[in-house]
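fold the following and give me the result.
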Amino acid sequence: MPELPADHAPALPEATDFIREIVNADILSGKYRMGDIRTRFPPEPNGYLHIGHAKALYIDFGIARDYHGKCNLRMDDTNPSKEDVEYVEAIKDDVRWLGFEWDGDVRYASDYFEQMYDYAVMMIEKGLAYVDDQTADEIAATRGTLTEPGQESPYRNRSVAENLDLFARMRAGEFPNGARVLRAKIDMASPNIHMRDPVLYRILHIPHHRTGDAWCIYPMYDWAHGLEDSIEGITHSLCTLEFEIHRPLYDWLLAPLPVHKPQQIEFSRLNLTYTVMSKRRLLRLVQENRVSGWDDPRMPTLCGMRRRGYTPTAIHAFLKCVGVTKYNAITDVALLESCLRDELNKVTPRYLAVLNPLKLVITNYPRTTSAKRRRQSITAFPRGKKSACAGPASSPARKSSKIRTEPSRKSAAPSTATTKTVKSRAPSTGSTPSTPSTRKCASMTASSTRKSRTLSPRAKTSSTTSTPIPSRC
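Numbering: from 1, shown residues only. Take a look at the predicted model:
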């Protein structure tokens, strides 16, 4: 990328996580410039990508985008016994589906086999590697434990010439599988068990999907990882947290070689509740026909989620919510589903249709009745509100209820007294101006007086023993 003038150089992006803090510090210190940042996504083509790989993709390509750099797509095809071209094509499709574009052509670890072999010869010449005749079980038995040091191999002190000869014969195919390995000579008493003379090369007579039968020795991951990054000019090698313990070996293997030294940075992997995130276990489900294939909608693979209805935008929103940390945590799968709902609510068209209509006859629909009219009249004067002809500030209804609940201590007054009492409550035409409200109250009082005069004997008797009830006004 051409260097930009100082006054046109893009500004540093905001350091929203610890990885961007490291990159910003490298740029401010002058170690790198904007546009020099280069990352890579290095899957092993032994299965389909799942939602856990989407987080690594999001970080690797996101860092390169934010710093105007580049990101490589590299197939770590160092184990031909488990790899296939089908997986290579599926990985490329999934990366494109998520909206990422890698720089240039797809890289392969097998492209660097010759260079890796030359660097291994250089390590032997420096006395930092040797050919070991022990079997895999013997090597594991003498490696030691976390509390006990390992035992040195009886072949550890071979001469440089003998090691170079044996290593050349290993490449020529003179030995069967597992007969010999090339090991780094570090420290069998190191507290880091990965530093106890790790294996760098093993013999494997299996055709490679790209190189065919050209090679019968293949590099181990720890040896290939750092060299691949160095050859491609990677500035920041981003890995998941389980490789943190491998970082001392990553740096040790590159230190004596005349190569570029990338920086390895680890972040926590994505773990979801109720979700299998192991390619080995997912492969078993496919091989045992528990599912219809890698793209079964029940699978957490990206192609399976695509068939289930997930969109790249929803997955990006989910990964943004998860963030980048160094803390191993388990994320609730409900967060992923919530991000999908939010996305579909915005972009999914909705249609309503009656496919099989049914004729419905309502036979008990209520009609307008006197009861309904009474309910309508009640709503005209809600409880607690005074009517237009209300007298004192206190509610007449409360007065009436109070009178009904108190027993009378004296004999009730005759009905005529009741009539007079009602009349006395009516407003006087002389003292109060005549209004529609007062006229209405007066007519109601007169009607009550007429009714009291025309009571039957039995009604009169009952009325004399009852407590007088004031009128509404």
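
residue 167 belongs to a helix?
Yes. Judged by DSSP: H, G, I helix; E, B strand; the rest coil, residue 167 forms part of a helix.

count of neighbours near it?
By the measure other C-beta atoms under 10 Å, the count of residues near residue 167 is 23. Where C-beta positions appear, they are placed from N, C-alpha and C, glycine not excepted.

just checking, it touches residue 123?
No. Between residue 167 and residue 123 there is no contact under C-beta atoms under 8 Å: 10.0 Å.

and for residue 308, nearest residue in space, chain neighbours not counted?
residue 297 (4.2 Å; C-beta to C-beta, 6 or more residues apart in numbering).

so that neighbour touches residue 304, yeah?
Yes. With contact defined as C-beta under 8 Å, residue 297 reaches residue 304; the gap is 5.6 Å.

so for those two, which sits in the more crowded spot?
A direct count of neighbours by other C-beta under 10 Å for residue 297 and residue 304 places residue 304 higher, at 22 against 15.

quick one: contacts for that one?
294-298 (C-beta atoms under 8 Å, 6 or more residues apart in numbering).

returning to that earlier point: for the residue nearest to residue 308, which residues are in contact?
304-305, 307-308.

what about 6 Å?
Contact analysis of residue 297 by C-beta atoms under 6 Å, 6 or more residues apart in numbering lists 304, 307-308.

and which of those residues is nearest residue 271?
Closest approach between these and residue 271, by C-beta to C-beta: residue 304, at 18.0 Å.

can you list the buried residues in the helix or strand harbouring the closest one?
Element membership of residue 304 [criterion: DSSP states H and E] is helix 302-308. Across helix 302-308, burial judged by 16 or more other C-beta atoms under 10 Å covers 302-306.

now render these as TSV, adding pLDDT.
Output for these, formatted as TSV (pLDDT from 0 to 100):
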residue	pLDDT
302	97
303	97
304	97
305	97
306	96
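
would you turn those into CSV with distance to residue 198?
Formatted as CSV, these follow (distance: C-beta to C-beta, whole Å):
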residue, distance to residue 198
302, 33
303, 35
304, 36
305, 36
306, 39
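
now, among those, which is nearest to residue 33?
If you rank these by distance to residue 33 using C-beta to C-beta, residue 302 comes first, at 33.9 Å.

run through the residues that contact that closest one.
Per C-beta under 6 Å, 6+ apart, neighbours of residue 302: 49, 94.

what pLDDT does the model give the residue nearest to residue 308?
Per-residue pLDDT puts residue 297 at 96.

how much space between it and residue 345?
Residue 297 sits at a distance of 21 Å from residue 345 (criterion: C-beta to C-beta, to the nearest Å).

same check, this time on residue 55
24 Å.

neighbour-wise, which of these two wins?
Neighbour count, other C-beta under 10 Å: between residue 55 and residue 345, residue 55 has more, with 21 against 9.

for that one, which non-adjacent residue is spatially closest?
Spatial nearest neighbour of residue 55, excluding adjacent residues (C-beta to C-beta, 6+ apart): residue 270 at 4.2 Å.

okay, now residue 10: neighbour count?
By the criterion of other C-beta under 10 Å, residue 10 has 11 neighbours.

looks like it contacts residue 34 (just checking).
Yes. Here residue 10 reaches residue 34: they are 5.4 Å apart, a contact under C-beta atoms under 6 Å.

hmm, back to that, in a helix, the residue nearest to residue 55, correct?
No. Counting by three-state DSSP, residue 270 falls outside a helix, being coil.

just checking, it touches residue 54?
No. Using C-beta under 6 Å, residue 270 makes no contact with residue 54, being 7.6 Å away.

enumerate every residue touching the nearest residue to residue 327 once chain neighbours are set aside.
Using C-beta to C-beta, 6+ apart and skipping the chain neighbours, the partner closest in space to residue 327 is residue 268 (5.7 Å). Residues near residue 268 by C-beta under 6 Å, 6+ apart: 241, 325-328.
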